[in-house]
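Chemist: pasting a predicted model and its sequence here:
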Amino acid sequence: MKKSLFAASLAVFVSLGLLACGSSSSTAIDASASRDMDAPANRDTATTSYQPLRVAAAKANFHWGAAVNPDVLVDDPAYAKALAENFTVFTPEDVLKFEVVQPKQGVYDFTKGDQLADFARAHGMKMRGHTLVWHAQLPDWVKSGNFSRDELIAIMRDHIFTVMGHYRDKYPDVFFQWDVVNEAYMGSGARRQSVWQKGIGDDYIELAFKFAHEAWPDMQLYYNDYEEMGGVLVGSVFDPAELGINPQLAYAGPGATAGYSNCDQIPKCLAIKTMATDFKQRAIPLQGIGFQAHISNAVSPDYAQLTNWVEGLGLQWALTELDMPCASDQLDALNQALCFDNQARAFGAAVQACLDSPACDTVVQWGVSDRYTWWSGLTYDQLVNPLALDKDYQYKPAANAVLKALTAQAVGR
């Protein structure tokens, strides 16, 4: 890219819903990874006294999390150490998705999910389940099965009952939230024409939530989506090739920006709100809305405004996949500092909005550190460094902003 970081950040608001695929190593995770951590470097000692993010989150009664790849957890001890030190919860990146858990009909593989759950239990951490019903990362037998409506409902029910039943029985102390349905709406607010939508119809989402509730009655069940946060400039069209973004993976649609955060004016957000309102009126067991929060603009949305309808429905909300990348061709000192300052404001605002809301207690960034990020593969390394910890697992300004908000919350309790 030839644009400056600031210009590129303002000109392009790319909201992306696909997640980077994990590899398939079956090596067991060392659940006894060290819990004795060194103080993080690069901390802002002028504004915060040292304490790990995990400690600050615990004192604030807050779930601060990361998305985790079990293969990296095995291969990189520093990754495991950073995860255990800095986060209270985590989400599996890919290993609980349909194609991994049930690659062949009726054949389930919980190896990698169990490895993560063992690590969480050994380190006193919680997990978010992700995800049961999604249009992507489905095995070929589901995508090309030509099943009838009743057959597809039975497949969905069996998958939900088997996956949730396994973790309910084996790890009831580990999981606390679960993304039941992921990304069912397009940016226009229309239903995505997925296998589930086309094969079952409009009621597939409520059926999924009913099955999940039957399988694990006391689990917090979430609907999770993107473009209710982030997105392209309203009314614009972006060219993925111009940005070096893989056009097969790029999503575009009107989404929230700093000055455009009214859910009723954002088609997808309004569709989700309408669905949630209907579900509450009909006692469909939906407990929360996940706002993914993939942000690639210089100024983040107004989270308080964007989510202000959720509490009134008696629901919870969470920021489930927070990140904000920098342009790789602008990583000179000046522009990197500018991007990191923007990240700090975005991450600080995200956590503060959640802390300020009685309906929110969870923010998860999508990755542990900048060393491993889905943005690199998605954009051919054009957009990088999206997280609060750098490639050496040290605190960036974004981590200090999160730490400052958590520390103030704990002091004010």
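Modeler: Yes, it's here.
Chemist: mind saving the C-alpha coords of the helix or strand hosting Ser376 as PDB?
Modeler: Under the criterion of DSSP states H and E, Ser376 resides in helix 374-378. What follows is helix 374-378, C-alpha atoms only, in PDB (Å, rounded to 0.1, in the frame of the first residue of the first chain):
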ATOM      1  CA  TRP A 374      -5.100 -13.700  11.400                       C
ATOM      2  CA  TRP A 375      -4.700 -10.300   9.800                       C
ATOM      3  CA  SER A 376      -1.300 -11.300   8.400                       C
ATOM      4  CA  GLY A 377      -2.700 -14.200   6.300                       C
ATOM      5  CA  LEU A 378      -5.800 -12.300   5.400                       C
END
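Chemist: okay, now the sheet partners of the following helix or strand past that helix, with direction.
Modeler: Downstream of helix 374-378, the next assigned helix or strand under DSSP H and E is strand 383-384. According to DSSP bridges, strand 383-384 forms sheet pairs with strand 326-327 (antiparallel).
Chemist: need the next SSE after the partner strand, C-terminal direction.
Modeler: Once the chain leaves strand 326-327, the next helix or strand it forms, by DSSP H and E, is helix 333-356.
Chemist: quick one on the thing from earlier: could I get the buried residue list for the helix holding Ser376?
Modeler: Trp374, Trp375, Ser376, Leu378 (16 or more other Cβ atoms under 10 Å). In this view, the C-beta of every residue, glycine as well, is placed from N, C-alpha and C.
Chemist: next, Cys313: phi, psi?
Modeler: Cys isn't right for residue 313; it's Leu. Leu313 has phi and psi values of phi -90, psi 0 when expressed as degrees, to the nearest 10.
Chemist: cool, the one 4 residues further on as well?
Modeler: Phi and psi for Trp317, reported as degrees, to the nearest 10, are phi -140, psi 160.
Chemist: next, format the buried residues of helix 374-378 as TSV and append pLDDT.
Modeler: Below are the buried residues of helix 374-378 laid out as TSV (pLDDT from 0 to 100):
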residue	pLDDT
Trp374	92
Trp375	89
Ser376	88
Leu378	82
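Chemist: report the central residue of this protein.
Modeler: Centroid check for the chain by Cα atoms, centre = their mean gives Glu321 as the closest residue, at 2.3 Å.
Chemist: partner strands of the helix or strand where that residue lies, with direction?
Modeler: Element membership for Glu321, per DSSP H and E: strand 316-322. Paired strands of strand 316-322, with direction, are strand 288-291 (parallel), strand 362-365 (parallel) (DSSP bridges).
Chemist: CA atoms only: put it into CSV for me.
Modeler: Coordinates of each C-alpha in strand 316-322 appear next as CSV, following Å, rounded to 0.1, in the frame of the first residue of the first chain:
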residue,chain,number,x,y,z
GLN,A,316,-25.7,-9.2,28.2
TRP,A,317,-23.2,-8.0,25.6
ALA,A,318,-19.5,-8.7,25.1
LEU,A,319,-16.8,-7.6,22.7
THR,A,320,-15.6,-11.0,21.5
GLU,A,321,-12.9,-10.5,18.8
LEU,A,322,-11.3,-7.1,19.4
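Chemist: who touches that strand?
Modeler: 19, 63, 67, 91, 128, 130, 177, 179, 220, 222, 224, 226, 229, 287-295, 303, 307, 310-311, 347, 350, 354, 357, 359-366 (Cβ atoms under 8 Å, 6 or more residues apart in numbering).
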